[in-house]
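[1] quick one: sequence plus predicted model below, questions after.
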Amino acid sequence: MPTRPLWQTAVWTAVGALLIGLALFAATWASLDAARRSDLARARDAADNVAHALGIEIASELRLVENALTSVALDYRHQTDTRPAAERLRAAVAEQHALVPFASALRATDAAGAVVVGLPQGSAPVFVGDRDYFVQARAAPGAIVSEPVFSRLTQEWGIVVALRLQSRSGEFGGVVYAVLLASHFQRLFAQMSVGESGAISLRTDTLALAARYSAAEPHSTRGLGGREVSAELQRAFAQRREAGWYITPTALDQVERITVYRRVAGYPLTVLVGLGTENYLAPWASSARRHWSIAGATFGLVVAVFGFMLLQHRRQAAITTYASRLARQQSLILDNDMIGMVRAQDRRILWANRAVERLLGHAPAGLTGQSTRILYPSDAAFEETWRAAEPALRRDGRFRTQLKLATRTGGALWVDLSGAALNDTESIWMIVDIDALKHSEEQAQHLALHDALTGLANRRLFEDHLRRSAAQARRSGQAFAVCYMDLDGFKPVNDRHGHEAGDAVLRAVGLRLHNELRANDTVARLGGDEFAWILSGVTDAQDVRPVLQRCMEAVERPIALEDGTPVTVGCSIGVALSAVLGTDEQELLAAADAAMYEAKEAGRRRCAFAATGMGPERP
Ligand SMILES: Nc1nc2c(ncn2[C@@H]2O[C@H](COP(=O)(O)OP(=O)(O)OP(=O)(O)O)[C@@H](O)[C@H]2O)c(=O)[nH]1
């Protein structure tokens, strides 16, 4: 299956993580926005309730004040008793002031503006004829509410409600007015619950600040009489004069508030109630922080999971690449033409490569399903190999040996066979052709132990066999004889016919001795024209004589040289019997050699038995 390139997976992973992140953040934002809206709506409702309640309260107070002023004015107009006018006015003002105790003062002036009633005892004369409210009240038929004024008497800010006094004939007689101090409204506002950063203010229609309370500065008089307002307030007032709301930092203290305003019904005053957004939205803000943290953590988790998946994919891709490279290498190795490979299960061939065909002649397809016995030259070799291989495979997981396998045509091939266990039943076998190596090894070994000229055993091999015969004789008591032979008249052949001819004679003698003796009698050429052999199972001269006779006759038969010229040589033989001399091989060989010289001395072409007391003889 073609795998997608890593960079593509990385891009898709990043896009996926980004989309999930966007969805997550959008959902969080939407949910928080809805929560914020609902919190704001609740804040607005709460502020509106306060504004509404205060509006009613202030309107009712103003109405009470207006009633009090009207009562004084009516009394002044109708003059219902006979008391002097000044006294009656004083009594009326005092009576009405008692009904509006929240007004700091209730006073009356004469037509010129001099306060004539309501001043504290002993106070200096007060003149208000220059005040706007006096001028307005004189001109207006009903009560008027003043802009904020700073009292010359009490040194405090407040508003004044004033009403014209006129006689029955309509003549202007002065003004009766009540002073409502800013501190009075401040106390009223302080009773409302607006939170730590809330504020309540009262403004006239010209936006002048008549009273203000803020929870942070409960007794502050800052801004009173001024018209410093936020742009938001101006915009809201311009759009909806009676009631409305807005959110903005308050001009006076720069605290952001949600402010709801309501006009006091029937009066040129507006109550503004502001709740600090920070304060009011605190639970929302902490919930928002929590939500954003959760969303951030979730997104982090998503990125981590995607990153992990990408890493896994990268690892997987690396493994796949490595595996396919390995598979390619493996198939190249398996498909080679040099090393035979066979996979087997329970000694049955599952698969073989092309090299097996080259080495052993079996087509790979023909081997599948066959017993591995087919590769061995015999049942014995098959079983013997398995007996050695099976425990080694189980123990070490591998096995190696050198042996001859059978070719399809019945031949044999030396191989280096190594097997490795794949599991309990399966194994893989490698077959390396070492046939040539083995043959050259055998050849080298043969050369080391045989005489190059005659092909007979050399002195080394002879002495080895002699040692074995002696050991066996010591073990089993089986007697043997060592025969030492030297050619007679060989030198003249060399001298007369040349060295080549001498070689031919030596080869012929070797062959004849080989033919006359039994296969296990070990004939050797010890050097020059000296030969020796071991006769096993012989005890005395009697046993040896017929053999010696045969050998002597064979050697003495004429030998035809290459050009057909016949040459003749003889031989002298010395014999040492183990039954006579014991089983020390060195002693036996030396004794046979010495006996051979005895025979030579005695005239050649005869044999001599060492240490027997018998003289050399012609057998
Ligand atoms: N052609 C040939 N001659 C060899 C070889 N090895 C030794 N000789 C020769 O064989 C001869 C052996 O000498 P002798 O043993 O005196 O020969 P002989 O004539 O049989 O004399 P006796 O042994 O005393 O009877 C020497 O001339 C050697 O040079 C060989 O491998 N090939």
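    Ah, there it is.

[2] mind checking which helix or strand of this protein has the lowest mean pLDDT?
    Lowest mean confidence among the helices and strands of the chain (mean pLDDT, DSSP states H and E): helix 277-280, at a mean of 79.

[3] which of the residues in it are buried?
    277, 279, 280 (16 or more other Cβ atoms under 10 Å). The C-beta positions use only the backbone N, C-alpha and C, and glycine is treated the same way.

[4] distance check, the second one against the ligand.
    To tie it back to what came earlier, the one meant is residue 279. Distance, residue 279 to the ligand, using Cβ to the nearest ligand atom, to the nearest Å: 128 Å.

[5] the first one too?
    With distances taken as Cβ to the nearest ligand atom, residue 277 is found 127 Å from the ligand.

[6] residues in contact with the nearest residue to that residue once chain neighbours are set aside?
    Leaving aside its sequence neighbours, residue 277 sits nearest to residue 256 (Cβ to Cβ, 6 or more residues apart in numbering; 4.9 Å). Shown in contact with residue 256 (Cβ atoms under 8 Å, 6 or more residues apart in numbering): 247, 248, 249, 250, 276, 277, 278.

[7] which of these sits closest to the ligand?
    Closest approach to the ligand among those (Cβ to the nearest ligand atom): residue 278, at 125.0 Å.

[8] now the residue in the stretch 151-300 of the chain that the ligand sits nearest to: which helix or strand?
    Taking Cβ to the nearest ligand atom, the ligand has its nearest neighbour within the stretch 151-300 of the chain at residue 300, 97.4 Å off. Element membership for residue 300 (DSSP states H and E) is helix 282-334.

[9] which SSE is immediately downstream of that helix?
    As assigned by DSSP H and E, the chain's next helix or strand after helix 282-334 is strand 340-345.

[10] in that next one, what's buried?
    Buried residues in strand 340-345, counted by 16+ other Cβ under 10 Å: 340, 341, 342, 343, 344.

[11] gap between the fourth one and the ligand?
    The span separating residue 343 from the ligand equals 56 Å under the rule Cβ to the nearest ligand atom.

[12] who's in contact with that residue?
    By Cβ under 8 Å, 6+ apart, the contact list for residue 343 reads 349, 350, 351, 352, 422, 426, 427, 428, 429.

[13] one more time with 6 Å
    If you count contacts by Cβ atoms under 6 Å, 6 or more residues apart in numbering, residue 343 has them with 350, 351, 428.

[14] just the buried members of those residues?
    Those of the contacts of residue 343 that meet the buried threshold are 351, 428, by 16+ other Cβ under 10 Å.

[15] between the contacts of residue 343, which is nearest the ligand?
    residue 428 (53.6 Å).

[16] let me see the confidence value for the closest one.
    In this prediction, residue 428 carries a pLDDT score of 93.

[17] which positions in the helix or strand containing it come out as buried?
    Per DSSP H and E: residue 428 is located in strand 426-433. Under the neighbour-count criterion of 16+ other Cβ under 10 Å, strand 426-433 has 427, 428, 429, 430, 431, 432, 433 buried.

[18] again with stretch 397-404
    For stretch 397-404, a neighbour-count test (16+ other Cβ under 10 Å) marks 399, 403, 404 as buried.

[19] again, but for stretch 546-556
    So, applying 16+ other Cβ under 10 Å, buried residues of stretch 546-556: 547, 548, 550, 551, 552, 554, 555.

[20] within reach of the ligand, which of the residues you listed are there?
    The subset of the buried residues of stretch 546-556 within reach of the ligand, by Cβ under 6 Å from any ligand atom, is empty.
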